[in-house]
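**Student:** Here is my input, please return the structure:
(one chain, ligands or ions: 2)
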Amino acid sequence: TGSSQPQRMLKAVQKNATKGDPQSVISAIDHYCRNKEWAMNVGDDKGLILDSVLTEVNPSAALELGTYCGYSTVRIARLLSPGSKLITVEFNPAFAAVARQIIAYAGLQDKVTLVEGPSGDLIPKLRERFGVKSFDFVFLDHWKDRYLLDTKLLEDCGLLQKGTVLLADNVICPGTPEYLKYVRSSPRYESRYYKSNLEYTKLEDGLEKSVFLG
Ligand SMILES: Cc1ccc(Cc2cc(O)c(O)c(C(=O)NC/C=C/[C@H]3O[C@@H](n4cnc5c(N)ncnc54)[C@H](O)[C@@H]3O)c2)cc1
Ligand SMILES: [Mg+2]
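**Tutor:** Ligands and ions are numbered 1, 2, ... in the order given. Presented below is the predicted three-dimensional model:
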């Protein structure tokens with residue numbers, strides 16, 4: 001059997017990026033996905049919005065739902081201040097295995113904890129397992145029909161604090177209508193849409209930034 005697309009993405013990183021240089025890992029993946037094989041990374045256009053929101057929030061405890069191959073994990077972890085941590089959740093073991101290698105290649109393994117399993121099971125265990133009090137930043141990029149469920153779960157588990165920023169990918173394409181309706185109508189969130197395009201294409205997509213008001 002041949003290699004998988006995530007394995008080919010990893011090969012492209014090992015071939016074209018410099019070990020320990022997160023920016024070169026990001027560029028190698030973007031170049032590969034733009035020119036060889038499209039993949040569902042947040043990408044370079046939406047990635048710049050992710051970078052700017054992250055820099056503004058400067059989280060000490062960040063959570064990512066849906067690691068996939070670790071592209072956005074690297075984008076987030078490279079901007080974290082010393083001592084800050086990112087927990088990323090992925091339930092596909094093959095994707096998790098590739099992501100671990102890409103995160104390590106970028107030299108960011110000390111800032112990232114990749115937890116394998118379904119978000120619905122893991123979110124209620126994050127406090128007892130990793131001593132997380134609450135998150136100040138959450139990046140949602142997993143199955144689109146899980147965004148709302150997991151947001152409510154994070155609320156119910158007391159893992160959001162006043163000011164926590166939720167940043168959701170793909171609110172237009174593939175789209176997350178129930179999630180959007182919730183964060184835009186709930187008095188507990190202050191929400192804003194950042195228009196961009198679907199990774200490596202000219203189609204519209206965007207990120208929704210929602211601040212939890214407590
Ligand atoms: C119509 C159409 C189709 C596809 C696109 C293109 C497009 C563009 C995008 O940026 C996209 O993010 C997506 C997309 O579907 N993303 C889903 C991403 C899942 C990853 O997260 C993992 N996962 C999924 N649920 C869970 C869960 N509960 N607990 C733990 N891990 C989970 C999976 O194991 C994958 O690693 C698609 C655009 C338009
Ligand atoms: Mg996405």
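**Student:** What strand or helix carries Lys181?
**Tutor:** With secondary structure defined by DSSP states H and E, Lys181 is part of helix 177-185.
**Student:** Could I get the buried residue list for that helix?
**Tutor:** For helix 177-185, burial by neighbour count (16 or more other CB atoms under 10 Å) applies to Tyr179, Leu180, Tyr182, Val183. To be clear about C-beta, it is placed using only N, CA and C from the backbone, and glycine gets the same treatment.
**Student:** what does stretch 90-108 give?
**Tutor:** Buried residues in stretch 90-108, counted by 16+ other CB under 10 Å: 90-91, 95-103, 105-108.
**Student:** Restricting to those, which residues neighbour ligand 1?
**Tutor:** The residues of these that also fall near ligand 1, by CB under 6 Å from any ligand atom, are Glu90, Phe91, Phe95.
**Student:** Can you list the residue ranges for helices in this protein?
**Tutor:** Using DSSP state H, the helices of the chain run over 5-16, 22-35, 43-57, 71-77, 93-105, 119-122, 126-130, 147-156, 177-185.
**Student:** how about low-confidence regions in this protein?
**Tutor:** For the chain, the stretches with pLDDT under 70 are 1.
**Student:** Show me which residues of it are close to ligand 1?
**Tutor:** With CB under 6 Å from any ligand atom as the criterion, the chain meets ligand 1 at residues 40, 66, 68, 89-92, 95, 118-119, 141-143, 146, 169-170, 173-174, 199.
**Student:** Please narrow those residues to those residing in strands.
**Tutor:** Judged by DSSP state E, strands contain the following of these: Val89, Glu90.
**Student:** Kindly supply the PyMOL command isolating those of the residues of the chain next to ligand 1 that are buried.
**Tutor:** Listed next is the PyMOL selection for buried residues among the residues of the chain next to ligand 1, using 16+ other CB under 10 Å:
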select buried, resi 40+66+68+89+90+91+95+119+141+142+143+146+169+170+173+199
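**Student:** For ligand 2, tell me which of the residues of the chain next to ligand 1 show up nearby.
**Tutor:** Asp141, Asp169, Asn170 (CB under 5 Å from the ion).
**Student:** could you list every residue that touches Thr201?
**Tutor:** By CB atoms under 8 Å, 6 or more residues apart in numbering, Thr201 lies in contact with Trp38.
**Student:** Skipping adjacent residues, who's closest to Leu79 in space?
**Tutor:** With CB to CB, 6 or more residues apart in numbering as the criterion, Leu79 has its nearest non-adjacent residue at 4.9 Å, and that residue is Leu54.
**Student:** Name the residue of this structure that lies nearest to ligand 2.
**Tutor:** Nearest residue of the chain to ligand 2: Asp169, at 3.7 Å (CB to the ion).
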